[in-house]
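Enquirer: Fold the following, please.
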Amino acid sequence: MIKYLITALCFCFATAHVQAAGNPAAGKEKSQTCAACHGMDGNSPLAMNPILAGQYEDYLIHALEAYKSGERKNAIMAGMAAPLSDEDIADLAAYFSRQKGLYDTPAGK
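Expert: The predicted model follows:
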């Protein structure tokens with residue numbers, strides 16, 4: 001009995017955070033609005049706007065979902081994330097995570 005319970009729990013934890021794979025090409029198309037603040041490829045030219053390029057895909061998904069739900073507070077991002085579907089979020093995260101940026105630059109630059 002315990003063996004079955006442990007197996008069931010492992011299965012639940014293994015599948016709990018499975019996200020649909022995003023489409024980077026679709027994400028590029030959807031990123032046009034993001035470019036105003038975050039740059040065309042997610043490398044923001046302004047220090048006050050976070051660099052999205054090269055961020056971890058799962059982090060970007062989590063951040064957008066948190067803005068959408070209100071868990072993360074930012075009036076601008078809440079408005080931007082509100083209309084996004086799960087597919088939109090996955091596509092944007094797939095696109096920005098594959099761009100050269102945050103983790104491709106030397107430390108201190």
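Enquirer: what helix or strand is the residue sitting nearest the centre point of the chain on?
Expert: In the chain, the residue lying closest to the centroid (Cα atoms, centre = their mean) is residue 60, at 1.8 Å. Using DSSP states H and E, the element containing residue 60 is helix 57-69.
Enquirer: Counting by contacts, list what that helix packs against.
Expert: helix 75-81, helix 86-97 (3 or more Cβ pairs under 8 Å, 6 or more residues apart in numbering; DSSP states H and E). For glycine as for every other residue, the C-beta is placed from the backbone atoms N, C-alpha and C.
Enquirer: Once you drop chain neighbours, what's closest to the residue nearest to the centre of the chain?
Expert: Distances taken as Cβ to Cβ, 6 or more residues apart in numbering put residue 93 closest to residue 60, at 3.8 Å, once the chain neighbours are dropped.
Enquirer: swap in residue 39?
Expert: In space, residue 39 is closest to residue 45, 5.7 Å off (Cβ to Cβ, 6+ apart).
Enquirer: Count residues in the vicinity of that neighbour, would you?
Expert: Neighbour count of residue 45, defined by other Cβ atoms under 10 Å: 9.
Enquirer: Now do stretch 44-62, average pLDDT.
Expert: Across stretch 44-62, pLDDT averages out at 95.
Enquirer: Residue 38: neighbour count?
Expert: 21.
Enquirer: Look up phi and psi at it.
Expert: Backbone torsions of residue 38, given as degrees, to the nearest 10, read phi -100, psi 0.
Enquirer: Pretty sure it sits against residue 46.
Expert: No: assessed by Cβ atoms under 8 Å, residue 38 is found out of contact with residue 46, at 9.0 Å.
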